[in-house]
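Peer 1: Below are the sequence and a predicted model for it; my questions follow.
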Amino acid sequence: MPELPEVETIRRDLEKKIIGKKIIDINVIQKKSLKNSSTEFTKNLKNNSIKSISRKGKLLIFEIKEKKKYLLVHLRMTGQLLYFQAKKEADKNTRIIITFENNSKLFFNDTRRFGYLKITTTKEKNATLEKMGIDILDKNFTQENLKALLQNKRRNLKSILLDQKILAGIGNIYADEICFDAKLRPDAKIETLNDKTVKKLYNSIRKIISLAVKNRGTTISDYVDSSGKNGNFSKLLNVYQREKKVCRNCHQKSIKKIKVASRSTRYCENCQKRYFLTN
Ligand SMILES: [Zn+2]
């Protein structure tokens, strides 16, 4: 499932490829991938262009020029946005095709069909964004801010990291990698974290997410960038899908796999701790 680094990679690439290009055709192959009618979707995009592309958490926001409307795209589990300069035929997973004036095309492919595209007004777009927690790369996401977000929470660390209403952008891969980097067990109780630990957690969140963006994300199964290329962070994974392999930090224990927050979770029992003394 694409998380913040993968979605940000797609955003940065598409910004260079589609901004200002006139849309000349829309082909809706799978209506279920749209949260509007095909007619409404086509009417708002055809003969128009994209003015800007932003992102919050895992959601992409395409600003439609002179319309005061937005195209929201969520890739969910297996969604892909693929840009082709040359002629390209749809495959069995192609749900939507947007064609630009130079005949380049943007494909929305989605095997599992949980992803969606939705045209919204400014008001609807803002309401969607307000329901989300702070984006990890937002300059307003500070250590103090994280401390405040964790206050009075009686949950485990991983469930907080995955909660898009608290922090927007982290999924199963980076949650485990962040916990490993911060030397905290994913099932650590939030109320046991002291100030020093929260600081360490904050630094690890920023460090891992930034490093993953720099490496153009992680490819495990379906994720590819808008050119169809894999992400490079896969080589840097310390715990995710490394169960039973020896820990790269202590070289003593092998990585354990357990369930936390109903998700498969990997950690090193030697390097990561669950309990802390209070301040
Ligand atoms: Zn270890």
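Peer 2: Good, I have the coordinates.
Peer 1: just the strands in the stretch 51-200 of the chain please.
Peer 2: 59-64, 69-74, 79-84, 94-100, 105-110, 116-121, 134-135, 167-168 (DSSP state E, counting those that start in this stretch).
Peer 1: Format the ones you listed as CSV; extra columns: mean neighbour count, mean pLDDT and distance to the ion.
Peer 2: For glycine as for every other residue, the C-beta is placed from the backbone atoms N, C-alpha and C. Output for these, formatted as CSV (neighbours: other CB atoms under 10 Å; pLDDT from 0 to 100; distance: least, CB to the ion, whole Å):
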stretch, mean neighbour count, mean pLDDT, distance to the ion
strand 59-64, 20, 98, 35
strand 69-74, 22, 98, 35
strand 79-84, 22, 97, 34
strand 94-100, 21, 98, 42
strand 105-110, 22, 98, 37
strand 116-121, 19, 98, 40
strand 134-135, 20, 98, 30
strand 167-168, 23, 98, 25
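Peer 1: For those, give me JSON lines that also has distance to residue 158.
Peer 2: As requested, the strands of the stretch 51-200 of the chain are exported to JSON lines (distance: least, CB to CB, whole Å):
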{"stretch": "strand 59-64", "distance to residue 158": "21"}
{"stretch": "strand 69-74", "distance to residue 158": "22"}
{"stretch": "strand 79-84", "distance to residue 158": "24"}
{"stretch": "strand 94-100", "distance to residue 158": "32"}
{"stretch": "strand 105-110", "distance to residue 158": "27"}
{"stretch": "strand 116-121", "distance to residue 158": "26"}
{"stretch": "strand 134-135", "distance to residue 158": "18"}
{"stretch": "strand 167-168", "distance to residue 158": "12"}
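Peer 1: Flag every residue of the protein that's near the ion.
Peer 2: Contacts of the chain with the ion, taken as CB under 5 Å from the ion, map to 247, 249, 250, 268, 270, 271.
Peer 1: By neighbours, which of these wins?
Peer 2: The most neighbours of any of these, using other CB atoms under 10 Å, belong to residue 268, which has 23 neighbours.
Peer 1: Quick check: beta-bridge partners of the spatially closest residue to residue 35 that is not a sequence neighbour?
Peer 2: Distances taken as CB to CB, 6 or more residues apart in numbering place residue 118 nearest to residue 35, at 3.7 Å, with adjacent residues excluded. In this structure, residue 118 bridges to residue 72 when assessed by DSSP bridges.
Peer 1: picking that back up, how about the strands of the stretch 51-200 of the chain, which one is nearest residue 36?
Peer 2: When the strands of the stretch 51-200 of the chain are compared by CB to CB, strand 116-121 sits nearest residue 36, at 5.1 Å.
Peer 1: Give me the distance between that closest one and the centre of its chain.
Peer 2: Put simply, strand 116-121 sits 18 Å off its chain's centre (CA atoms, centre = their mean, to the nearest Å).
Peer 1: One more: stretch 126-140?
Peer 2: 13 Å.
Peer 1: From residue 110, how far off is residue 59?
Peer 2: 15 Å (CB to CB, to the nearest Å).
Peer 1: likewise residue 200?
Peer 2: For residue 200, the distance to residue 110 equals 37 Å [CB to CB].
Peer 1: and the residue in the stretch 51-200 of the chain positioned nearest to the ion, what is it in contact with?
Peer 2: In the stretch 51-200 of the chain, the residue that lies nearest the ion is residue 180 (8.3 Å; CB to the ion). Contact partners of residue 180, counting by CB atoms under 8 Å, 6 or more residues apart in numbering, are 238, 239, 249, 266, 267, 268, 271, 272.
Peer 1: hmm, 10 Å instead?
Peer 2: Residue 180 is in contact with 186, 204, 208, 237-240, 242, 247-249, 255, 266-268, 271-272, counting by CB atoms under 10 Å, 6 or more residues apart in numbering.
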